[in-house]
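>>> just coords:
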């Protein structure tokens, strides 16, 4: 065997191959971010590709680091970084001096004009200042179409409102637990100077306290007084368990936004009383998902009444999540009225239906599932003939005990076939006897 020649250069992977390998890595902090950081230190040849991938979807833990990233990396070496299209800023470090949100957004407008998706998490009221000069710069973010705000606190609602109106092509807005002081002027019925934003998709999630209910109401009220009420296509609204009854401002704003909505998801973990009057505004909905954790048989009847009043000719996909008792405790009078209502539009046009029933009480799943099927067959007779139906019964959202009925229903087949229960021991579905 010949000896190894120490003067011979070590074998190297061709740069075009190593670059392609590095670009397959995911820069997310939950995926391959640490690997990419290590790859940057391997050699000069690996540095450009590693930095390019890292900068394609950066995750930045503070406004200060975001400002440094934009001014010292993207500005100084623009050719060695990917065109910045997605950016996530999560303010985990609040110590020391931090630039304002307005300064960071102004830097984005200058150094990242191709930005399409921006996520802001844990912005505090101290850093949420956006002066008028910064608002003018924000209008240069002409490619930004999606904005996500999670657990952000603004000094005033006008700051949030002006920011949304300044983004010329914003189409997708998602908020979760957004807070701000509310003034009487924020709830007045008025026309804003700017018709923007023209949103196509909105997701509003406030799930913590009664105080956050007012923030959700004000944001809905604002959107209902912009051109979004005509352009909106998809809307998701989720209210937390501590909210209580809905306000008149909430119901009026939601009813106005729903007139043109095609896809609507509503999740209410609080008392559903007085929360359902907006359903009659669903005149064009195609896909509908409703989830009420504390619904009763009266709630189900009110849901059906509201949808029949809306009379959408386009409803083909319907999902309803309610407690098991909301069906099984329905009276004979309720079932007769429900059967009459569900024979009309929009229920007569439904092609895919998913009914999810939950309970915290202990019942035999096979018996309860059969009982629920019997009630379904009586309250919605056409469902067994004209639709693909999935019915699921589960003890709670934290339990693995599930009963499911989802055969491919065809005209003339039995409505009762197909019940299954989930066996946690064998982790398999078992056919009901």
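Thanks, I have it. Note that the coordinates shown come from a computational prediction; the quantities given were computed from them, not determined experimentally.

>>> residue contacts, residue 249?
Each residue near residue 249 by Cβ atoms under 8 Å, 6 or more residues apart in numbering is listed here: 187, 217-218, 220-221. Placement of C-beta: from N, CA and C, glycine included.

>>> quick one: least confident of these?
Taking the contacts of residue 249 together, the minimum pLDDT is found at residue 187 (74).

>>> so where do the helices sit in the stretch 251-400 of the chain?
297-310, 325-328, 332-342, 365-379, 383-386 (DSSP state H, counting those that start in this stretch).

>>> Mean neighbour count for these - can I get that in CSV?
Below are these laid out as CSV (neighbours: other Cβ atoms under 10 Å):
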stretch, mean neighbour count
helix 297-310, 19
helix 325-328, 20
helix 332-342, 16
helix 365-379, 18
helix 383-386, 16
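
>>> Just the closest of the contacts of residue 249 to residue 280, please.
Distance to residue 280, by Cβ to Cβ, is smallest for residue 220 among the contacts of residue 249, at 17.1 Å.

>>> And that closest one, which helix or strand is it part of?
Per DSSP states H and E, residue 220 falls inside helix 210-224.

>>> hmm, who's touching the helix or strand that that helix is followed by?
Per DSSP H and E, the first helix or strand lying C-terminal to helix 210-224 is helix 228-231. Residues outside helix 228-231 that contact it (Cβ under 8 Å, 6+ apart) are 197-200, 202, 223, 256-257, 259-260.

>>> about what we covered before: for my notes, please list the contacts of residue 249 in JSON lines and give neighbour count and distance to residue 69 for each entry.
Converted to JSON lines, the contacts of residue 249 look like this (neighbours: other Cβ atoms under 10 Å; distance: Cβ to Cβ, whole Å):
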{"residue": "187", "neighbour count": "17", "distance to residue 69": "39"}
{"residue": "217", "neighbour count": "23", "distance to residue 69": "36"}
{"residue": "218", "neighbour count": "22", "distance to residue 69": "33"}
{"residue": "220", "neighbour count": "22", "distance to residue 69": "34"}
{"residue": "221", "neighbour count": "23", "distance to residue 69": "36"}
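
>>> Pull the most distant pair out of those.
187 and 220 (10.8 Å).

>>> The helix holding residue 220 packs against which elements?
helix 157-166, strand 201-206, strand 234-239, helix 248-257 (3 or more Cβ pairs under 8 Å, 6 or more residues apart in numbering; DSSP states H and E).

>>> between these, which one is nearest to residue 295?
strand 234-239 (13.4 Å).

>>> Which residues outside that closest one are in contact with it?
With Cβ under 8 Å, 6+ apart, strand 234-239 has contacts from 200-207, 213, 216, 220, 246, 254, 257-258, 261-270.

>>> residue boundaries of the strands in the stretch 51-200 of the chain?
Taking DSSP state E, counting those that start in this stretch, the strands of the stretch 51-200 of the chain run over residues 59-60, 86-90, 117-121, 146-150, 172-176.

>>> With residue 374 as the reference, name the closest of these.
strand 172-176 (39.6 Å).

>>> a markdown table for the helices and strands packed on helix 210-224, including distance to residue 175 and mean pLDDT?
Putting those into a markdown table (distance: least, Cβ to Cβ, whole Å; pLDDT from 0 to 100) gives the following:
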| stretch | distance to residue 175 | mean pLDDT |
| --- | --- | --- |
| helix 157-166 | 9 | 90 |
| strand 201-206 | 5 | 90 |
| strand 234-239 | 10 | 92 |
| helix 248-257 | 14 | 87 |
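
>>> Brilliant, that's me finished.
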